[in-house]
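**Student:** structure, please.
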Amino acid sequence: MRKRILFILFITPLTLMAKVNQNDVDRFISKTADQYQLDAKEIRAILDQAQHQQGIIDAMNKPAEKVLEWYQYRPIFITDKRIKEGVEFWQNNNDVLQQVSEQTGVPPHIIVAIIGVETYYGRIKGNHNVLDALYTLAFDYPKRSAFFTRELGHFLKLSADGHVSALEAKGSYAGAMGYGQFMPSSYRSYAVDYEQDGVIDLLNNPYDAIASVANYISRHGWQKDQPVVAKTTGPDKPVKLNQLKPHLTNDQGQKYTLIGLKTDEDSIAYWQGFHNFYVISRYNHSHMYVMAVYQLSEKIKAAHASKIMQNPSAENQQ
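**Tutor:** Take a look at the predicted model:
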């Protein structure tokens with residue numbers, strides 16, 4: 001029995017290593033070096049330090065949006081503490097939020113709520129090694145391997161450009177980084193150097209993060225001063241619920257999608273989700289995520305307004 005245990009312990013690392021096909025890694029290195037004009041030896045030196053993480057794959061297979069109902073999902077994000085800290089984050093970054101909002105049309109409370117849902121205002125950004133996460137998912141997660149292979153390439157380019165450290169960057173189990181949990185491709189496409197210091201730091205700089213979240217939402221088509229959702233009644237005929245893109249037309253001629261969420265085991269509440277609902281869903285393709293962002297944003301907006309009314313000079317003191 002002892003020999004069998006020792007044998008199992010000995011072969012386990014080899015079994016884990018075998019999950020990554022070295023030929024796939026070699027092809028990736030060659031393609032990425034050509035695509036981004038990077039040194040293949042430097043790419044290999046980085047990937048040689050990546051470690052396959054089975055826990056990453058396990059987490060990918062059970063995201064909260066797919067295993068929880070709304071009445072279980074909502075209390076995770078709509079809490080007194082998260083609202084209170086959202087107001088504090090707003091006040092601490094008021095000038096930047098106001099300037100960015102004026103430039104993009106995206107309201108401060110929407111920006112704050114996205115960062116609040118994603119990372120609790122930068123407090124919980126993820127403790128997974130981003131390199132390990134992307135490496136594992138690129139080479140041992142077949143159903144989304146193509147996506148994560150591209151993200152790994154973007155990540156290496158970000159590192160080469162000096163925006164992140166390939167070996168030190170921490171993030172989510174899916175490889176998302178910083179206050180707003182940007183994937184590497186979104187980082188490269190939508191991140192903003194707010195202070196124009198030559199480095200876009202979404203992991204540690206809240207100003208860059210705020211500007212980048214707003215830019216992402218703006219460039220996906222945010223419509224200023226237009227609604228996100230409106231409470232409604234249930235359908236009077238069969239309708240496919242919880243589609244992200246508006247495909248129905250209400251009495252006012254507005255395009256909408258019908259959202260139905262369980263508020264307890266036996267009850268469902270309904271909302272019309274408009275164009276801006278769809279825009280927020282470009283950040284995370286989950287109708288429950290969008291509703292969490294929206295409802296948190298409304299709570300933060302009301303609490304912030306109440307605090308300003310109680311102390312009108314507070315906003316100008318930031």
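**Student:** Met76: neighbouring residues, count only.
**Tutor:** Heads up, residue 76 is Ile, not Met. For Ile76, the count of nearby residues is 12 (other CB atoms under 10 Å). Backbone N, C-alpha and C define where each C-beta goes, glycine included.
**Student:** Asn127 contacts Tyr173, correct?
**Tutor:** No - checked against CB atoms under 8 Å, the pair Asn127 and Tyr173 is beyond contact range at 9.6 Å.
**Student:** who has more neighbours out of those two?
**Tutor:** Set side by side, Asn127 and Tyr173 show unequal neighbour counts under other CB under 10 Å, the larger going to Tyr173 at 21 against 9.
**Student:** which ones are touching the more buried one?
**Tutor:** By CB atoms under 8 Å, 6 or more residues apart in numbering, the contact list for Tyr173 reads Gly55, Ile56, Ala59, Met60, Gly126, His128, Ala133.
**Student:** tell me the secondary structure at the first one.
**Tutor:** It refers to Gly55. Secondary structure, DSSP: H, G, I helix; E, B strand; the rest coil: Gly55 is helix.
**Student:** ok, now how distant is it from Lys62?
**Tutor:** Summarising the geometry, the distance separating Gly55 from Lys62, computed by CB to CB, to the nearest Å, is 11 Å.
**Student:** neighbour count winner among those two?
**Tutor:** Between Gly55 and Lys62, counting by other CB under 10 Å, Gly55 is the more crowded of the two (12 against 8).
**Student:** tell me the pLDDT of that one.
**Tutor:** Looking at Gly55, its pLDDT reads 93.
**Student:** likewise for Met1?
**Tutor:** As summarised for this prediction, Met1 has a pLDDT of 40.
**Student:** name the single longest helix found in this structure.
**Tutor:** helix 287-310 (DSSP state H).
**Student:** quick one: residues in contact with it.
**Tutor:** Counting contacts by CB under 8 Å, 6+ apart, the residues outside helix 287-310 that touch it are 65, 68, 70, 73-74, 76-78, 82-84, 86-87, 90-91, 107, 109-110, 112-114, 116-117, 228-229, 242, 244, 259, 261, 271, 273, 277, 280-281, 283-284, 314-315.
**Student:** how near is the residue positioned nearest the centre of the chain to Gln98?
**Tutor:** What sits nearest the mean C-alpha location of the chain, by CA atoms, centre = their mean, is Gln181, with 4.2 Å. With distances defined as CB to CB, the gap from Gln181 to Gln98 amounts to 23 Å.
**Student:** likewise Val192?
**Tutor:** Using CB to CB, which is the criterion applied here, Val192 is 16 Å from Gln98.
**Student:** more neighbours, those two?
**Tutor:** Shown here are Val192 and Gln98; by other CB under 10 Å, Val192 has more neighbours (21 against 14).
**Student:** quick one: that one and Val213 touch, right?
**Tutor:** No - the pair Val192 and Val213 fails to qualify as a contact (CB under 8 Å) at a distance of 9.1 Å.
**Student:** between the two, which contacts overlap?
**Tutor:** A shared contact of Val192 and Val213, defined by CB under 8 Å, 6+ apart, is any residue touching both; here there are none.
**Student:** which residues does the closest residue in space to Asn21 that isn't next to it in sequence contact?
**Tutor:** Closest residue in space to Asn21, ignoring its immediate chain neighbours: Phe139 at 6.6 Å, by CB to CB, 6 or more residues apart in numbering. By CB under 8 Å, 6+ apart, the residues touching Phe139 are Lys19, Val20, Asn21, Asp24, Val25, Phe28, His52, Ser145, Thr149.
**Student:** thank you, goodbye.
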